[in-house]
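Enquirer: Mind looking at a prediction? Sequence and model below.
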Amino acid sequence: MRILIDAHMAGERESGNERYIVNLVAALQGLALPADFIIAASHPELFIESCRSRPGWRVVKVSASAWHRLGFELPCLVRREQVDLLHVTYAAPLWPGCKVLTTIHDVSFRPHPEWFSLRDRLVLRFGVGLTLAAGGDVVTISEHSREEIRRYYGTLRNSIHVAHLAGDSCFSPSTDELGKELIVRLGIRLPYILAVGNLQPRKNLKRLIQATAQLKERGIDPFQLVIAGKAQWRESDLSDEIKRLGLERDVCFPGYVPDEVLKLLYSHAAVFVYPSLYEGFGLPVLEAMACGAPVVTSSCTAIPEVSGAAALLVDPCDTGALSVAIEQVLMDPALQGRMRADGFCQAARFSWHKTALDTWKVYQQIGEKT
């Protein structure tokens, strides 16, 4: 079998989507599978070394532009390389020329279009809708996402498979003093409350900022709130809220940080808070747990499926409940210890090796279809 994997998002700082494809490719490469693989990448330099050392693996350059890649480059590659299976994310070419597997992380753009720009809404609605209508198989990242796809797209000819994600292997506890010095150089004041995610409405960071103000009103100080993530649509709402609440000195935005810095931020955080309103998985929850951070997170969508009993779960729309849960962790060292131990165990339940095995099984099932 010859498999073409669209990895155009690698190197584009697309957070969860990028982590997914980079880790999946690395884990597949570690399995020594009886197939030939071609990686279509906008940043092929990220894969050249790993492909060079593995027979049956190659990388080719493609455009980051969805229209050119889906409309021309991928179909041409399929024909030229005699590809049996094309694995894409969210949207496939209209005429791919081979069997297709599409990864759909979630369909949050259906229940919450207000969280997306007009461009993203159109691309996702048409891309996912047309791809699903074509009837190829789908792999998603949680049982919650599988049910959401069925809910919003009705009876499909598609088979929908689940392959859970995992935290990157680089995420582990790091408590050295040099790490603390680096954190301070980023303008972060210890101790701090950490949040991670692109600065977009569904991450619910405005309520977290409001919860931080409530903590300060109750004298829970001097904890700083650190929000690490790439700025996206409507991030200015957060700045306005911080000014309104007078928290300019109490909230720090280091921006997008590389994994080695993110590992330090997780490891030294007094508590990690992930109040997202909607997640297809919630990968930062596992990353934080693997680094030993106590986790407070949302009780909705796929997050309880990921966090298990190792986190404090709260209604993300209840700002008061969010601030109380954060305070509970900050003020109880014994609870922090239990949550760290439970978090290590929960994070260990997920691995990219298992994700790759589950994905390979899907490849085989598709290959056997007539």
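Expert: Good, I have the coordinates.

Enquirer: For the rest of this, base every contact and every neighbour count on C-alpha atoms.
Expert: Noted.

Enquirer: ok, Ser142 to Glu217 distance?
Expert: 38 Å (CA to CA, to the nearest Å).

Enquirer: With neighbour numbers in mind, choose between those two.
Expert: More crowded of Ser142 and Glu217, by other CA atoms under 10 Å: Ser142, with 25 against 10.

Enquirer: which stretches of this structure have low pLDDT?
Expert: Flagging of the chain using pLDDT under 70 yields the residue ranges 13-15, 155, 232-235, 370.

Enquirer: Please repeat the previous calculation with a cut-off of 80.
Expert: Residue ranges of the chain with pLDDT under 80: 12-16, 155-158, 175-178, 221-222, 231-236, 370.

Enquirer: Show me the domain layout of it.
Expert: The record's domain parsing of the chain by automatic domain parsing lists 2-166+351-368, 177-348.

Enquirer: Packed most tightly, which of these would that be?
Expert: Most buried of those, by mean neighbour count (mean count of other CA atoms under 10 Å): domain 177-348, with a mean of 19.

Enquirer: just so I have it, where are all the helices in the stretch 1-150 of the chain?
Expert: 16-29, 48-52, 66-68, 74-81, 118-133, 143-153 (DSSP state H, counting those that start in this stretch).

Enquirer: Which of the ones you listed sits closest to His353?
Expert: helix 16-29 (5.5 Å; CA to CA).

Enquirer: now for the closest one, which elements pack on it?
Expert: Packing contacts for helix 16-29, counted by 3 or more CA pairs under 8 Å, 6 or more residues apart in numbering; DSSP states H and E, involve helix 352-368.

Enquirer: Quickly note the distance from Ser267 to Met9.
Expert: Distance of Ser267 to Met9, given as CA to CA: 27 Å.

Enquirer: brain fart, Ile366
Expert: 24 Å.

Enquirer: swap in Pro75?
Expert: In this view, Pro75 and Met9 are 18 Å apart by CA to CA.

Enquirer: Ok, Ala310 next?
Expert: Computed as CA to CA, the Ala310 to Met9 distance reads 31 Å.

Enquirer: likewise Gly97?
Expert: Gly97 sits 22 Å away from Met9, going by CA to CA.

Enquirer: Kindly report the same for Thr301.
Expert: Distance check for Thr301 against Met9: by CA to CA, it reads 25 Å.

Enquirer: can you give me the strands in this structure?
Expert: 2-6, 36-41, 57-61, 85-89, 99-103, 137-140, 160-162, 192-196, 224-228, 251-252, 271-274, 295-298, 312-314 (DSSP state E).

Enquirer: what lines up beside the last one in the sheet?
Expert: Just to be clear, that refers to strand 312-314. Here strand 312-314 has these sheet partners by DSSP bridges: strand 295-298 (parallel).

Enquirer: Same question for the fifth one.
Expert: Its sheet considered, strand 99-103 pairs with strand 85-89 (parallel), strand 137-140 (parallel) by DSSP bridges.

Enquirer: what's the answer for the longest one, then?
Expert: The strands beside strand 36-41 in its sheet (DSSP bridges) come out as strand 2-6 (parallel), strand 57-61 (parallel).

Enquirer: next one: the first one to chain centre, how far?
Expert: With CA atoms, centre = their mean, to the nearest Å as the basis, the distance from the averaged C-alpha position of strand 2-6 to the chain average is 22 Å.

Enquirer: Let the chain start at 32 from now.
Expert: With the count now opening at 32, the last piece we talked about shows up as strand 33-37.

Enquirer: Look up how far Ala342 lies from Ser299.
Expert: Rather than Ser, residue 299 is His. 17 Å.

Enquirer: now the strands of the chain in JSON lines, with distance to Met320?
Expert: Output for the strands of the chain, formatted as JSON lines (distance: least, CA to CA, whole Å):
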{"stretch": "strand 33-37", "distance to Met320": "30"}
{"stretch": "strand 67-72", "distance to Met320": "31"}
{"stretch": "strand 88-92", "distance to Met320": "33"}
{"stretch": "strand 116-120", "distance to Met320": "27"}
{"stretch": "strand 130-134", "distance to Met320": "25"}
{"stretch": "strand 168-171", "distance to Met320": "22"}
{"stretch": "strand 191-193", "distance to Met320": "22"}
{"stretch": "strand 223-227", "distance to Met320": "13"}
{"stretch": "strand 255-259", "distance to Met320": "17"}
{"stretch": "strand 282-283", "distance to Met320": "22"}
{"stretch": "strand 302-305", "distance to Met320": "9"}
{"stretch": "strand 326-329", "distance to Met320": "7"}
{"stretch": "strand 343-345", "distance to Met320": "12"}
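
Enquirer: With adjacent residues omitted, what lies nearest to Leu299?
Expert: I think there's a mix-up here, since residue 299 is His and not Leu. Thr206 (6.5 Å; CA to CA, 6 or more residues apart in numbering).

Enquirer: And for Val93?
Expert: Among residues not flanking Val93 along the chain, Ser73 sits closest, at 5.1 Å (CA to CA, 6+ apart).

Enquirer: Can you name the residues that contact that neighbour?
Expert: Residues in contact with Ser73, defined by CA atoms under 8 Å, 6 or more residues apart in numbering, are 38-42, 92-95.
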